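Asks: What follows is a predicted structure for the sequence shown.
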Amino acid sequence: MTIERILVIGAGTMGRQIAMSCPLSGYTTVLQDISSDALSAARKELEGWVASRVAKGKLAQADADAALNNLTQSTDLEDSASNADLVIEAAVERLDIKEQIFATLGEKAPAHAILATNSSTPCLPLAWPKPAAALSRYATCTSSIPRW
């Protein structure tokens, strides 16, 4: 399977930074959050970060433009999940919210999609669907905040 489209759920500190690293690596990426205000704040911060990297000579303007063009935003989880090859959930650390997110992903994401969480919550697998055979598409990946 080839990963081309990535969905990052949650526009908080971790989610926005994970989302920016994806288009910088060449992937078409959607940053999804239920809050349009959070998405706007994330976009503003990421545009500022990219501009500072260009100003310091650490990122070419063409690469910065390409990354920003490959990063879109959405408040619609179902639509965003419908064509994702990889989903990285980085929402708030509340099991009830994560259960809702993973239930939606289980129904709306393509069957080939890898569904991952950035959570460090040990009980998160409880939010994943049963039976156990369905677990082959789920993963936990814990990121650290890069020192950009």
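Replies: Thanks, I have it. Numbers count the residues shown, from 1 in each chain.
Asks: make it CA atoms for all contacts and neighbour counts henceforth
Replies: Will do.
Asks: List the buried residues in the lengthiest helix in the chain.
Replies: Using DSSP state H to define each element, the chain has its longest helix at helix 36-55. Neighbour-count burial for helix 36-55, counted by 16 or more other CA atoms under 10 Å, picks out A38, L39, A42, R43, L46, E47, V50, A51, R53, V54.
Asks: Let me know whether D33 touches S80 as I believe.
Replies: No: D33 is beyond contact range of S80, at 10.3 Å (criterion: CA atoms under 8 Å).
Asks: hey, what's in contact with both of the two?
Replies: With contacts taken as CA atoms under 8 Å, 6 or more residues apart in numbering, D33 and S80 have S74 as neighbours in common.
Asks: pLDDT below threshold where in the protein?
Replies: In the predicted model of the chain, residues 120-148 satisfy pLDDT under 70.
Asks: can you give me the strands in it?
Replies: 5-9, 28-32, 71-74, 86-89, 114-117, 138-140 (DSSP state E).
Asks: most packed of the ones you listed?
Replies: Greatest average neighbour count among the strands of the chain goes to strand 5-9 (a mean of 27), per mean count of other CA atoms under 10 Å.
Asks: so what strands line up beside it?
Replies: Looking at strand 5-9 with DSSP bridges, its partner strands are strand 28-32 (parallel), strand 86-89 (parallel).
Asks: Tabulate those (JSON lines), appending distance to D65.
Replies: Shown next, in JSON lines, are those (distance: least, CA to CA, whole Å):
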{"stretch": "strand 28-32", "distance to D65": "13"}
{"stretch": "strand 86-89", "distance to D65": "23"}
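Asks: Between those, which one is closest to T2.
Replies: strand 86-89 (9.8 Å; CA to CA).
Asks: chain center to that closest one: distance?
Replies: 5 Å (CA atoms, centre = their mean, to the nearest Å).
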